[in-house]
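S.K.: Sequence first, predicted model second:
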There are 2 protein chains.
Amino acid sequence: METVAIVGVGLIGGSFALALREAGFGGRIIGVSSERTIAEALRYRVIDEGLSLDRACAQADLVYLAGPIHSILETIPQLDAFVKEGALVTDAGSTKQRIADCGAQLRRAQFLGGHPMAGKESRGVQAAEGQLFAGRPYLLTPKAEADLETPASRAFVNWVRKIGAVPRVLSPAQHDRIVAHSSHLPQLLSTTLSGSLGRNPDSEQIAAAAGPGLVDSTRLALSGWDIWRDILETNRPSILEALDLFIAEAQALRARYATAELEADFAQGKEFALRLRKSR
Amino acid sequence: METVAIVGVGLIGGSFALALREAGFGGRIIGVSSERTIAEALRYRVIDEGLSLDRACAQADLVYLAGPIHSILETIPQLDAFVKEGALVTDAGSTKQRIADCGAQLRRAQFLGGHPMAGKESRGVQAAEGQLFAGRPYLLTPKAEADLETPASRAFVNWVRKIGAVPRVLSPAQHDRIVAHSSHLPQLLSTTLSGSLGRNPDSEQIAAAAGPGLVDSTRLALSGWDIWRDILETNRPSILEALDLFIAEAQALRARYATAELEADFAQGKEFALRLRKSR
């Protein structure tokens, strides 16, 4: 793996480029983005040069698609026209089934979907950091396990490990079901909580009295619609299922609270929260 | 204010003692706690000495009740027997109506309820820190506004400002209604989410795939039942109301998601999350 093309040099794409460098990658890193983003990425020394999609892909051993889901879905079908024979195309989109189906159409290059479980409140290449993936799960979603055994996949997964991330393999369908619970549901709960408190007649006093718990609980509500529109559109059935399950659980807890203690609920909530922290 | 008695030298009581010192308080700080806690508090130089409740209160100009709600409710009725005439008794309990009613029975001392909106995952005096309250709201809940105008109240509120906290005044009833939304509801949502994910058949994969959003969303679920039992017991009607409102909001969002975009929900959630951060 000598040349990498990062398509979409934002927080994730820029961080992947910086992470590669910090992990000792000595090859060339080409950025494909808007003129303004390329100028910034060059200024921060995140990429070596900026090129158009066709010229970047003609050279790249790894094409890393780090834009929003809809742009990944638009880009993949164009790639066969200029990608190097045997190159690996991967992406960092937040839902995987639709993208995997699209990637399976590639003929000249291999596709392997991925989803780094990393992020932060700030966005754009100026927020990129080489340690963003360190210690975080990096979900890999091959259509078939054999997809992981090609030389191009092995080289890529090796770099995922070298940047400090923890690769985990799931099928695209499993991935979308799992993240509906682990990521998309928490997002909708934070959005609902924050919006609901904002519409509350006491919202000024609620904001003024906020402690660290409410700050944590509303952090995801800061996320932008431009990212979430695509996620909600491409994972609707699993997210609706996760939301229904949560509403039923909240109603059950409400019923228990009215008549009895919630000690077991607190014990179970704490147990999973600890388990989550141990598995990291 | 020359002598302060801290009753319950844990995270909050210990931090208040350290905060007073860092803010230049030159008087005596007496701790009332278990023998083991007093030994630790002395070792960390959080207090000057440990005494029994009666001996500590006989000297104190300020009695700061920082234990759990049930112990605050048990302690207040004993205080008239040994508190100094004209001393101020305050507390740091998380619900205020029941405690305010109890405090109003004091004859020899004045009562003024309080609730510092600060905290962290770790507990106990070894986790205490002098900057815990800095930049955080400190809710004061007088039964009547005039309670704030006594010399003892003025001296105390002055120290609240000096430790960097931001005093805000609410009636005990307002307080309990507000924190049901800002603190108790987020706690129950985090507990429900975490417990529900723990019971999910895919819980191992969910834990393994967790990103920073799920870590934030389950932080409150780490809270102990020993604290929450008292809060849930002493603020049940307001919490049930807040929970019912949230469930209705989640159902409404679910219905919108099935048929249309959630762009307005995301905008409103983000708006309040930003407002919250600006008001701090």
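M.R.: Arrived safely, thanks for sending. Residues are numbered from 1 along each chain as shown, chains lettered A, B, ... in the order given.

S.K.: Residue A:92: what's it in contact with?
M.R.: With contacts defined as Cβ atoms under 8 Å, 6 or more residues apart in numbering or on different chains, residue A:92 is in contact with A:12, A:13, A:16, A:64, A:65, A:66, A:114, A:115, A:116. Yep, even glycine has a C-beta here, placed from its N, CA and C like the rest.

S.K.: quick one: average pLDDT of the host helix or strand of residue A:178?
M.R.: Secondary structure from DSSP states H and E places residue A:178 in helix A:172-179. The predicted model gives helix A:172-179 an average pLDDT of 97.

S.K.: same for it, what does it pack against?
M.R.: helix A:97-103, strand A:110-116, strand A:137-141, helix B:203-208 (3 or more Cβ pairs under 8 Å, 6 or more residues apart in numbering or on different chains; DSSP states H and E).

S.K.: quick one: low-confidence ranges for chain A?
M.R.: By pLDDT under 70, the weakly predicted segments of chain A are A:280.

S.K.: still on that earlier bit, elements contacting the following helix or strand past the helix holding residue A:178?
M.R.: Using DSSP H and E, the next helix or strand after helix A:172-179 towards the C-terminus is helix A:185-199. Where contact means 3+ Cβ pairs under 8 Å, 6+ apart, helix A:185-199 is packed against helix A:203-208, helix A:212-217, helix A:236-259, helix B:185-199, helix B:212-217, helix B:236-259, helix B:263-278.

S.K.: Distance to residue B:76 and mean neighbour count added to those, as CSV?
M.R.: Compiled in CSV, the helices and strands packed on helix A:185-199 are given as follows (distance: least, Cβ to Cβ, whole Å; neighbours: other Cβ atoms under 10 Å in any protein chain shown):
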stretch, distance to residue B:76, mean neighbour count
helix A:203-208, 26, 20
helix A:212-217, 26, 21
helix A:236-259, 27, 16
helix B:185-199, 25, 25
helix B:212-217, 36, 21
helix B:236-259, 21, 16
helix B:263-278, 33, 19
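
S.K.: Would you reformat those helices as a markdown table and include distance to residue B:29?
M.R.: Compiled in a markdown table, these are given as follows (distance: least, Cβ to Cβ, whole Å):
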| stretch | distance to residue B:29 |
| --- | --- |
| helix A:203-208 | 30 |
| helix A:212-217 | 25 |
| helix A:236-259 | 39 |
| helix B:185-199 | 31 |
| helix B:212-217 | 35 |
| helix B:236-259 | 34 |
| helix B:263-278 | 34 |
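
S.K.: of those helices, which approaches residue B:37 most closely?
M.R.: Closest to residue B:37 of the helices and strands packed on helix A:185-199 is helix A:212-217 (Cβ to Cβ; 23.8 Å).

S.K.: which stretches of the stretch 1-150 of chain A form strands?
M.R.: A:3-7, A:28-32, A:49-50, A:62-65, A:88-91, A:110-116, A:137-141 (DSSP state E, counting those that start in this stretch).

S.K.: Give me the packing partners of the last one, helices and strands only.
M.R.: Looking back up the chat, that one is strand A:137-141. Counting by 3+ Cβ pairs under 8 Å, 6+ apart, strand A:137-141 packs on strand A:110-116, helix A:151-162, strand A:166-169, helix A:172-179.

S.K.: and residue A:86, how many residues sit next to it?
M.R.: Residue A:86: 12 surrounding residues under other Cβ atoms under 10 Å in any protein chain shown.

S.K.: Of all the helices and strands packed on helix A:172-179, which one is nearest residue A:21?
M.R.: Of these, nearest to residue A:21 by Cβ to Cβ is strand A:110-116, at 16.4 Å.

S.K.: re the thing from before, can I get the helices and strands packed on strand A:137-141 in TSV including distance to residue A:188?
M.R.: Shown next, in TSV, are those (distance: least, Cβ to Cβ, whole Å):
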stretch	distance to residue A:188
strand A:110-116	18
helix A:151-162	29
strand A:166-169	24
helix A:172-179	12
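
S.K.: any chance of the ones you listed in CSV, with mean neighbour count too?
M.R.: Formatted as CSV, these follow (neighbours: other Cβ atoms under 10 Å in any protein chain shown):
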stretch, mean neighbour count
strand A:110-116, 24
helix A:151-162, 16
strand A:166-169, 16
helix A:172-179, 22
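
S.K.: Can you say which of the helices and strands packed on helix A:172-179 is nearest to residue A:198?
M.R.: Here helix B:203-208 is closest among the helices and strands packed on helix A:172-179 (Cβ to Cβ), at 29.0 Å.

S.K.: Now do the closest one: distance to the chain's middle.
M.R.: 32 Å (Cα atoms, centre = their mean, to the nearest Å).

S.K.: Leaving out the residues flanking it, which one is nearest to residue A:236?
M.R.: The shortest distance from residue A:236 to any non-neighbouring residue, by Cβ to Cβ, 6 or more residues apart in numbering or on different chains, is to residue B:257 (7.5 Å).

S.K.: The one you found and residue A:78, how far apart?
M.R.: 31 Å (Cβ to Cβ, to the nearest Å).

S.K.: Likewise for residue A:218?
M.R.: Relative to residue A:78, and taking Cβ to Cβ, residue A:218 is found at 39 Å.

S.K.: quick one: which of these two has more around it?
M.R.: residue A:218 (28 against 12).
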